[in-house]
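> Sharing a model prediction with you, sequence too.
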Amino acid sequence: EVEELRVKVHGFGAVNVEALTLLEGLESREKELVSQRNDLSGTQKELDSLIRRLDRESREIFGKTVDRVRDHFKSIFRKLFRGGQADIILLQEEGVDLIDQGLEIKACPPGKKLTSLSLLSGGEQSLTALALTLALFRANPSPFCILDEADAALDENNIDKYVGIIN
């Protein structure tokens, strides 16, 4: 039995005296990696929370901006056309995120029925587009804006309206 145990011990080979040092190094590396994993996990939770907060704030800001632009658009449209009605409608699609939903622009110059924008004259389409552009600038002002050729599709009467709203 003793001889059998000697053969087994001899079969183990030479004793690695560096094994304890190597084990300490590996344990130290494991602690470092576990600490890094915990840091990454905590950071991921913080980022997920930040993304949810930014999504929520973006939806709020988007909704408020659409409302402000809508109010300005209605007002500017009435001034440009000296009456009529216009609106920006946020399409409510089920299962679609608020920010990904479409917008519908309705315009009804005085004396006309509410129609799609494509059925308006070129001048009316241009004035409607200008009303929307100016509404966007009123909702979110810019230090300057170049409206090059903005009056190109307008006749003299509509140019006077355009100049009146720009001044």
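In hand now; what should we look at? Numbers count the residues shown, from 1 in each chain.

> Check the protein for its longest helix and report it.
helix 19-81 (DSSP state H).

> packing partners for that one?
Applying 3 or more CB pairs under 8 Å, 6 or more residues apart in numbering; DSSP states H and E, one finds that helix 19-81 makes contact with strand 85-90, helix 122-139, helix 156-166. (C-beta placed from N, C-alpha, C; glycine too.)

> and it, what's its mean pLDDT?
Mean pLDDT, helix 19-81: 93.

> report the angle between the axes of it and helix 156-166?
Calculated by axes from the mean of the first three to the mean of the last three CA atoms, to 10 degrees, helix 19-81 forms an angle of 130 degrees with helix 156-166.

> so of the helices and strands packed on helix 19-81, which one's packed in deepest?
helix 122-139 (a mean of 19; mean count of other CB atoms under 10 Å).

> Contacts only, for the residue nearest to K161 when sequence neighbours are not counted.
Excluding the flanking residues, the one nearest K161 by CB to CB, 6 or more residues apart in numbering is L80, at 5.1 Å. L80 is in contact with L127, L130, A131, K161, Y162, I165, counting by CB atoms under 8 Å, 6 or more residues apart in numbering.

> same question, A86
Per CB under 8 Å, 6+ apart, neighbours of A86: F73, K74, F77, R78, I105, K106, A107, C108, T128, A131.

> Any idea what it is bridged to?
A107 (DSSP bridges).

> What distance do you get for it to E46?
Remark: distance between A86 and E46 (CB to CB, to the nearest Å) = 44 Å.

> still on that earlier bit, arrange the contacts of L80 in a markdown table, one row each, with distance to Q92 and pLDDT as further columns.
Below are the contacts of L80 laid out as a markdown table (distance: CB to CB, whole Å; pLDDT from 0 to 100):
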| residue | distance to Q92 | pLDDT |
| --- | --- | --- |
| L127 | 28 | 89 |
| L130 | 28 | 91 |
| A131 | 24 | 93 |
| K161 | 33 | 85 |
| Y162 | 33 | 84 |
| I165 | 31 | 83 |
